[in-house]
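# 3D, please:
(one chain, ligands or ions: 1)
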Amino acid sequence: MFRTALTKAASYGLRPVLTSRTSAVAMTRSMGHGPVESDAEFDARYENYFNRADIDAWEIRKDVESYREEHQITVKGTNVPEPILQFSELNIPEKLMKEIMRQKYEAPTPIQAQGWPVALGGQDFVGIGQTGSGKTLGFILPALMHIAKQPKREPGDGPTALILAPTRELAQQILKVAEIFGKTFNIRSACIFGGAPRGRQMFQLQRGVDIVIATPGRLIDFLESSVTNLDRCSYLILDEADRMLDMGFEPQIRNIIERINPERQTMMWSATWPEEVQALARDFLKSYIQLNVGSLSLSANPNITQHVKVCDEDEKEDKLKELLMEIRKEDEHKTIVFAQTKRKVDWLANMLRRNDWPVAFTHGDVSQNRRDLALDRFRTGRAKILVATDVAARGLDVDDVKFVINYDFPNCVEDYVHRIGRTGRSGRKGDSYTFFTYENASLSKDLIKVLQENDQKIDEKLMEMSKFSRRGKNSKFQQRSDRGYGSRSGGSYGTYRKSNRQFSDRDGYDRNNSFNNTGWRNRDDNRGKYNRSLHDEDW
Ligand SMILES: Nc1ncnc2c1ncn2[C@@H]1O[C@H](COP(=O)(O)OP(=O)(O)OP(=O)(O)O)[C@@H](O)[C@H]1O
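Next up is the predicted model:
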């Protein structure tokens, strides 16, 4: 196997890369040592990533099938390894295990339990798991073990692991996880993204790093100016690939992947798995194992109670204020409010500030420093409300977010699932509130399916709306092309928009069309204090 890998790599004119444990060990022996311990010591200890002799684990293992069933784990592919049910089953360096314990994680999450054996086995892999289910450590831990088994990095070498992500916020968050766990191995990581000065990023790349976490555009910049290269890269992760395609990054992704040795291990991770990403997987992954945790259809995290309110555009502002007043009565009330355009975010943030709400805001036009500052104020709780566009929809992990409000409905239901997934993370509970207007009617069927998946109550008006909607499947690209532009604005945002000469971003959601005048739908009222206080009759 080792010889085959070398021969193939040579035929691509590339330095050989290591994709299996056996070849990794052989290569490590022949070429020097990895960044952690001496090669012999490391190889001997971690030749096998699993403690198969762990009696307790074996007892539990008897019930692997029921574990998969209980956690709705579906696997496709051949030779799928069994899940690991306890951390003690992982044979990883002690320092890394200590770091996991320091984080007070009790057991691998289901996506880690099934994903680690596959990823550590060197196979290509697609991992679909609900928002907040621990996917980041799911791919970082195998990345660290992979890197630790590679030959020592020489001056001029590029990274061994590359993680592509759609936004700088997500990239920075992945970096944090890579740094926390990577420091136990002396593994260096860098975050490469546009909109920030190039100097520091360039310095980090030239000094040498093991993991690069990047948004595609800036990375290509550095590749084309030979600041770094991907000759050594053998572990590739596409995180939230559907969002990257959505943002028009497909040519850049292809450009980057084509520079990487085909002998690499490639993995894609996301909470959603639309068709266009499946096509990318077919192009770039070798016969891969697909792992799904949760429903196979598009579904939200079951820890989130979803509330949808059908209303008119010009009702939203008052409804938002009312809702926030109720939310504020809760002990924990950290909230993200999503709007569809940058201008709308500006307007909402100003409006809420004028009403004395502690607000931070972020979107693509806000400078890097101010975006970092806004997130920091939100994380630390100095701002209890974050108003944002979809830059905050993916991956953002602030553990005490209790509420997500969709002031505007997003372009597609996948984005809805990701947005509301900012709450209910790591096994906690959360609530989402969504304003749904006539303009969104074409997405009503898709939304209903997502609500039904988790047995959520469905507003009759939403049902009614769906009867008039022609679409019934996730057709997000279609949505994007036929949404209206610059239609009549309702409420004070309309006035704001008209008076704002710089207004340029499209909206298409503010048509004053009175679809209905119904009240808010009834809340499911079996959830204690919060339930009683947040106007039961309204949601
Ligand atoms: N084994 C574990 N046990 C408990 N918590 C964990 C475990 N692994 C990760 N976490 C925590 O779960 C939270 C969510 O993890 P992460 O951000 O990786 O989710 P995700 O699946 O990538 O979500 P999204 O799809 O929204 O990006 C993090 O705060 C992380 O620290």
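# Identify each of the strands in the stretch 1-150 of the chain and give its residue range.
Under the criterion DSSP state E, counting those that start in this stretch, the stretch 1-150 of the chain contains strands at 73-76, 125-129.
# For the ligand, which of those is the nearest?
Closest of these to the ligand is strand 125-129, at 5.7 Å (criterion: C-beta to the nearest ligand atom). Quick note: C-beta positions are derived from backbone N, CA and C, even for glycine.
# Show me what from the stretch 251-400 of the chain comes close to the ligand.
Within the stretch 251-400 of the chain, the positions near the ligand by C-beta under 6 Å from any ligand atom are 271, 395, 397, 399.
# from the residues you listed, which would you call buried?
By neighbour count, with 16 or more other C-beta atoms under 10 Å, those hold 271, 395, 397 as buried.
# Let me know the closest of these to R153.
Checking these against R153 by C-beta to C-beta gives G395 as the nearest, at 27.5 Å.
# and that closest one, helix, strand or coil?
At G395, secondary structure determined by DSSP: H, G, I helix; E, B strand; the rest coil is coil.
# Skipping adjacent residues, who's closest to the residue of the stretch 151-300 of the chain found nearest the ligand in space?
The minimum distance from the stretch 151-300 of the chain to the ligand, using C-beta to the nearest ligand atom, falls at A271 (4.1 Å). Nearest residue to A271 in three dimensions, chain neighbours excluded: T131, at 4.7 Å (C-beta to C-beta, 6 or more residues apart in numbering).
# Contact partners for the one you found?
T131 makes contacts with 271, 300-301, 417-418, 420-422, 424-425, as judged by C-beta atoms under 8 Å, 6 or more residues apart in numbering.
# Likewise for G129?
Counting by C-beta under 8 Å, 6+ apart, G129 makes contact with 109-111, 115, 135, 138, 269, 271, 291-294.
# Up against the ligand, what does the stretch 1-150 of the chain have?
So the stretch 1-150 of the chain meets the ligand at 105, 108-109, 112, 129, 131-137 (C-beta under 6 Å from any ligand atom).
# Redo these as TSV? Include distance to I220.
Supplementary listing: those in TSV, determined by distance: C-beta to C-beta, whole Å:
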residue	distance to I220
Y105	36
P108	35
T109	33
Q112	31
G129	29
T131	28
G132	31
S133	31
G134	30
K135	25
T136	24
L137	28
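# Any stretches of the stretch 1-150 of the chain with poor pLDDT?
1-62 (pLDDT under 70).
# Might one say that A360 is in contact with D372?
No - at 10.8 Å, A360 and D372 do not qualify as touching, with contact defined as C-beta atoms under 8 Å.
# Looking at the two, which is more packed in?
Taking neighbours as other C-beta atoms under 10 Å, A360 and D372 compare with A360 leading, 21 against 16.
# how far out from the middle of the chain is the helix or strand containing that one?
Assigned by DSSP states H and E, A360 falls within strand 359-362. Put simply, strand 359-362 sits 20 Å off its chain's centre (C-alpha atoms, centre = their mean, to the nearest Å).
# Which parts of whichever helix or strand comes after it count as buried, going by neighbours?
Counting by DSSP H and E, the next helix or strand C-terminal to strand 359-362 is helix 368-380. Residues of helix 368-380 classed as buried: 371-372, 374-375, 377-379 (neighbour count, 16+ other C-beta under 10 Å).
# closest to P151 among those residues?
D372 (35.7 Å).
# distance of the closest one from I336?
With distances taken as C-beta to C-beta, to the nearest Å, D372 is found 17 Å from I336.
# re earlier: list the ones among the contacts of T131 that fall in strands.
Of these, none are assigned to strands by DSSP state E.
# so can I have CSV of the residues you listed showing pLDDT and distance to T434?
Listed next are these as CSV, based on pLDDT from 0 to 100; distance: C-beta to C-beta, whole Å:
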residue, pLDDT, distance to T434
A271, 82, 17
A300, 90, 11
N301, 91, 15
V417, 94, 12
H418, 92, 13
I420, 96, 8
G421, 94, 13
R422, 95, 13
G424, 93, 14
R425, 91, 18
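# Pick out the most distant pair among those.
Checking the contacts of T131 with C-beta to C-beta, the most distant pair is V417 and R425, at 13.4 Å.
# so what are the domain limits for the chain?
The chain breaks down into these domains under automatic domain parsing: 2-46, 64-293, 304-507.
# Just the endpoints, please. Distance across the longest one?
Think domain 64-293. Domain 64-293 has an end-to-end distance of 14 Å (C-alpha to C-alpha, to the nearest Å).
# Helices of the stretch 151-300 of the chain, residue ranges please.
168-182, 198-207, 216-224, 241-246, 250-258, 275-284 (DSSP state H, counting those that start in this stretch).
# returning to that earlier point: how far away is the residue of the stretch 151-300 of the chain closest to the ligand from A178?
Separation of A271 from A178 (C-beta to C-beta) stands at 20 Å.
# Repeat that for S88.
Distance, S88 to A178, by C-beta to C-beta: 24 Å.
# Comparing these two, which residue is more hemmed in?
More neighbours surround A178 than the other of S88 and A178, with 28 against 13 (other C-beta under 10 Å).
# Report the contact partners of the more buried one.
Contacts of A178 were listed using C-beta under 8 Å, 6+ apart, and they are 140, 143, 163, 187, 189, 211, 213.
# how deep is the residue lying closest to T423 once chain neighbours are set aside tucked in, by neighbour count?
Nearest-residue entry for T423: G430, 2.8 Å, with adjacent residues in sequence omitted and distances by C-beta to C-beta, 6+ apart. The local packing of G430 (other C-beta under 10 Å) involves 23 other residues.
# contacting residues for the nearest residue to V308 once chain neighbours are set aside?
Leaving out its chain neighbours, the residue that sits closest to V308 by C-beta to C-beta, 6+ apart is T434, at 4.7 Å. Contacts for T434 were tallied using C-beta under 8 Å, 6+ apart; they are 306-309, 405-406, 409, 416, 420.
# check contacts around the closest residue to the ligand within the stretch 401-539 of the chain.
Closest contact between the stretch 401-539 of the chain and the ligand, by C-beta to the nearest ligand atom, is at S426 (3.7 Å). Contact analysis of S426 by C-beta under 8 Å, 6+ apart lists 132, 134, 399.
# same thing with G424?
131-132, 301, 303-304, 430.
# quick one: what helix or strand has V398 in it?
Assigned by DSSP H and E, V398 belongs to no helix or strand.
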